[in-house]
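Student: just coords:
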């Protein structure tokens with residue numbers, strides 16, 4: 001389960017894009033820049049004017065920028081590995097949260113369907129029995145306390161569902 005629009009995911013995507021751009025830059029720096037020049041020269045001795053053209057081509061015999069390219073590629077590989085690790089950690093956290101939510105919801109649903117219903121029926125039975133003179137008031141209070149405790153457990157379980 002992945003979260004494609006998470007801020008962490010966007011940060012890692014931008015870090016990877018930056019590292020790829022650095023690799024491309026270092027590869028471009030390995031290609032020599034040809035410099036062209038043109039100008040006009042005036043000779044005072046003869047009064048002649050000439051057009052002067054020039055160009056330079058650096059020969060990458062000793063510096064092919066191999067070290068910088070390799071370093072940039074290693075940085076890209078490191079960034080991609082860290083991004084994979086962060087994605088796996090995020091996926092694990094999301095999966096764990098989903099499992100905890102399912103468990104909490106199941107517990108709250110069980111309490112609501114079974115325990116609260118049974119406690120409510122027992123309280124109603126005790127109240128009716130007290131009205132008919134079959135039970136003492138302490139028994140009614142005991143079933144009422146059980147009913148309220150069960151409702152409190154349901155509230156705690158629902159709080160766990162909504163706030164975790």
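Tutor: Cool, the structure landed. Here the structure is a predicted model, which means the values were calculated and not measured.

Student: going forward, measure contacts and count neighbours with C-alpha atoms only.
Tutor: Noted.

Student: which residue, other than its chain neighbours, is closest to residue 160?
Tutor: For residue 160, ignoring the flanking residues on the chain, the nearest one in space by Cα to Cα, 6 or more residues apart in numbering is residue 104 at 6.4 Å.

Student: what's the per-residue pLDDT of that neighbour here?
Tutor: At residue 104 the predicted local distance difference test score is 90.

Student: and the helix or strand containing it, what does it pack against?
Tutor: When secondary structure is defined using DSSP states H and E, the element that contains residue 104 is helix 66-110. In terms of contacts (3 or more Cα pairs under 8 Å, 6 or more residues apart in numbering; DSSP states H and E), helix 66-110 is packed against helix 7-29, helix 137-163.

Student: surely the residue nearest to residue 160 and residue 157 touch.
Tutor: Yes. With contacts defined as Cα atoms under 8 Å, residue 104 counts as touching residue 157 at a distance of 6.4 Å.

Student: report the buried residues of stretch 57-67.
Tutor: residue 64 (16 or more other Cα atoms under 10 Å).

Student: before we move on, what about stretch 70-86?
Tutor: The neighbour-count criterion (16+ other Cα under 10 Å) identifies 72-73, 75-76, 79-80, 83 as the buried residues of stretch 70-86.

Student: quick one: these as JSON lines, columns for pLDDT and distance to residue 115 too.
Tutor: Formatted as JSON lines, the entries for these read as follows, by pLDDT from 0 to 100; distance: Cα to Cα, whole Å:
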{"residue": "72", "pLDDT": "94", "distance to residue 115": "63"}
{"residue": "73", "pLDDT": "94", "distance to residue 115": "62"}
{"residue": "75", "pLDDT": "95", "distance to residue 115": "58"}
{"residue": "76", "pLDDT": "95", "distance to residue 115": "57"}
{"residue": "79", "pLDDT": "95", "distance to residue 115": "52"}
{"residue": "80", "pLDDT": "95", "distance to residue 115": "51"}
{"residue": "83", "pLDDT": "92", "distance to residue 115": "46"}
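
Student: TSV for these, including distance to residue 93?
Tutor: Written out in TSV, the entries for these read as follows (distance: Cα to Cα, whole Å):
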residue	distance to residue 93
72	31
73	30
75	27
76	26
79	21
80	20
83	15
